[in-house]
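[1] Quick one: sequence and predicted model below, then my questions.
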Amino acid sequence: MTTDMGLGSSETGGESIFEINDGIEAVQVKGIDMTAAKTMAWVASKSGIRQVTDYQTSPSWSNAIYPMGDGAPYFSVGMNPSDSSTVYVGNHKVYKTVDGGANWTKVFSATDAPYNYPSFGDIGDITIVSSIEVCPYDTNIVMVGYYRGDSLGGLFVSEDAGSTWNQILIEASVDGEDINVRDISFYMDSLDTVAYVAAQYDTTFKQGKSVYRVSKTSGGWNAVQNMDGANTIVGYQITATIRDLTVSGDTIYACGTDVGINHPIAYYRNLADSTAKWDVMTTSGFPYIQGKK
C-alpha cells in the first residue's frame, strides 16, 4: 500500500495503514535550500518536507513534515538566509514557518481568488509552486513561481515576508495566466534589487522563454527579456527552456534545454560588467539522447 512516505502495511484489513520503510526508503527530491555554512538544510520532496542538521559532522534528519496536515507532494523550498528557522515551502500552496517547522501558516495560494488556478487537474495540467526565493538583500521580499504544465503559471511577490502578495506580469497584460516559471535568483545590481527568472518555453503557447530580468522600481517591478539579441554573444534571441539559475559572486549561470531536439544547454553572464552578455558554456560530455530532455 502507498503512504505519504512510501511502502505501507495494514493490520486492520486496509482500514488503517502505516509506513514500513526502514531500510528501503527513497525520497524523490524536488527542491533544497541550505545554509551558507552547509550545516543545515530543508528539503522538499514527493513525501513531505525534511530538515537536516549538523550536516558536516553527524547529519540528523527529521521525520517527514506535512505543514498544516497537507500531505500533497512538495516541490519547492526557500529559506531566509538570515534566519534558518524561517522557511517557505510549496506544493500548490505556500506555507511558512518562523520556528523551524514546529508551526506553519498558509501565506499564499494562486488557486485562491483572484487568480483561481486549478488545485487539481489532469497530470499535464497540475498546478505547482516550482520555485520559492527569499531575497538575501531584503528578506521581506519573497518571490514565488508557478508552473502549470499544459497551461500557464506566473510570478508572484511579497514585500512584507508573506503577509500580502501581488503578481508580477511578465508577458501577460492582466493578472492570471502568464508564463511557466522554473527558477528564481536574486542579485543586487548597483542600488537595484534584481530577480532573474527562468521560464519554460512551450511550442503551443509560445509565451515565456529563457530568462527575464525583473528589477524593483519605485512604481513596482519591471520585467524584460534578458536573453534577447542585445544581451547575448550570438546576437539573437535565445529561445529555450531554462530549468535552473544560480548566482555565484557576480556571475549568473543558467541551464536547461533547447526548443528543438531538447539537447542540454548552459550559459553564463558576468553581471558586474555592463558590457558582458550571455555566453555559451560547453556541454561536451553531457548525457544526450535525441528527442529526450
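    It's in.
[2] Figure out how far stretch 1-19 is from the centre of its chain.
    Chain-centre distance of stretch 1-19: 31 Å, with CA atoms, centre = their mean, to the nearest Å.
[3] could you check the distance from the nearest residue to residue 118 once chain neighbours are set aside over to residue 256?
    Nearest residue to residue 118, sequence neighbours excluded (CB to CB, 6 or more residues apart in numbering): residue 127, at 5.8 Å. All C-beta atoms are positioned from the backbone trio N, CA, C, and that covers glycine. Using CB to CB, to the nearest Å, we find residue 127 at a distance of 21 Å from residue 256.
[4] These two - which one has more neighbours?
    Between residue 127 and residue 256, counted using other CB atoms under 10 Å, the more crowded position is residue 256 (26 against 22).
[5] ok, back up a step: thinking the residue nearest to residue 118 is in contact with residue 119, fair?
    Yes. Assessed by CB atoms under 8 Å, residue 127 is found in contact with residue 119 at 6.6 Å.
[6] Check the contact lists of these two and give me the overlap.
    The contact sets of residue 127 and residue 119 overlap at 92, 111 (CB atoms under 8 Å, 6 or more residues apart in numbering).
[7] So, low pLDDT: which residues of the chain?
    Residues of the chain that meet the criterion pLDDT under 70 lie in 24-26, 120-125.
[8] what do you get if the cut-off is 80, keeping everything else the same?
    Flagging of the chain using pLDDT under 80 yields the residue ranges 1-6, 21-27, 72, 119-125, 190-191, 260-262, 290-293.
[9] Neighbours of the residue nearest to residue 205 when sequence neighbours are not counted, how many?
    Nearest non-adjacent residue to residue 205, counting by CB to CB, 6+ apart: residue 152, 6.0 Å away. Close neighbours of residue 152, defined as other CB under 10 Å, add up to 22.
[10] The one 5 residues further on too?
    Applying the criterion other CB under 10 Å, we find 21 residues in the vicinity of residue 157.
[11] ok, for it, nearest residue in space, not its chain neighbours?
    Nearest to residue 157 is residue 143, by CB to CB, 6+ apart, at 5.1 Å.
[12] which residues sit in contact with the one you found?
    131-133, 135, 155-157, 168, 184, 186, 195, 197.
[13] Nearest to residue 71, out of those residues: which one, please.
    Taking CB to CB as the measure, residue 71 lies nearest residue 132 of those, at 19.0 Å.
[14] Please report how far the closest one lies from residue 284.
    33 Å.
[15] and the gap between residue 2 and residue 19?
    Applying CB to CB to residue 2 and residue 19 gives a distance of 9 Å.
[16] who has more neighbours, those two?
    residue 19 (17 against 10).
[17] quick one: the residue nearest to residue 157 is in a strand?
    Yes. According to DSSP: H, G, I helix; E, B strand; the rest coil, residue 143 belongs to a strand.
[18] If it is in a bridge, with which residues?
    residue 133, residue 157 (DSSP bridges).
[19] tell me, how many neighbours does the residue lying closest to residue 101 once chain neighbours are set aside end up with?
    Of all residues not flanking residue 101 in the chain, residue 65 sits nearest, at 5.4 Å (CB to CB, 6+ apart). Neighbour count of residue 65, defined by other CB under 10 Å: 19.
[20] ok, residue 65 touching residue 49?
    Yes. The pair residue 65 / residue 49 is scored as a contact, 4.2 Å apart, by CB under 8 Å.
[21] Quickly list what's touching both of these two.
    By CB under 8 Å, 6+ apart, the residues touching both residue 65 and residue 49 are residue 101.
[22] re earlier: quick one: common contacting residues for residue 2 and residue 19?
    Joint contacts of residue 2 and residue 19 (CB under 8 Å, 6+ apart) are residue 8.
[23] Relative to residue 232, which of the contacts of residue 143 is nearest.
    Here the nearest of the contacts of residue 143 to residue 232, counting by CB to CB, is residue 197; it sits at 16.7 Å.
[24] Is that closest one bridged to anything, and to what?
    residue 184, residue 212.
[25] Would you agree it is in contact with residue 184?
    Yes. In this structure, residue 197 is within contact of residue 184 by CB under 8 Å, at 5.5 Å.
[26] Give the full set of residues in contact with residue 95.
    Counted by CB under 8 Å, 6+ apart, residue 95 has contacts 67-68, 70, 88-89, 104-107.
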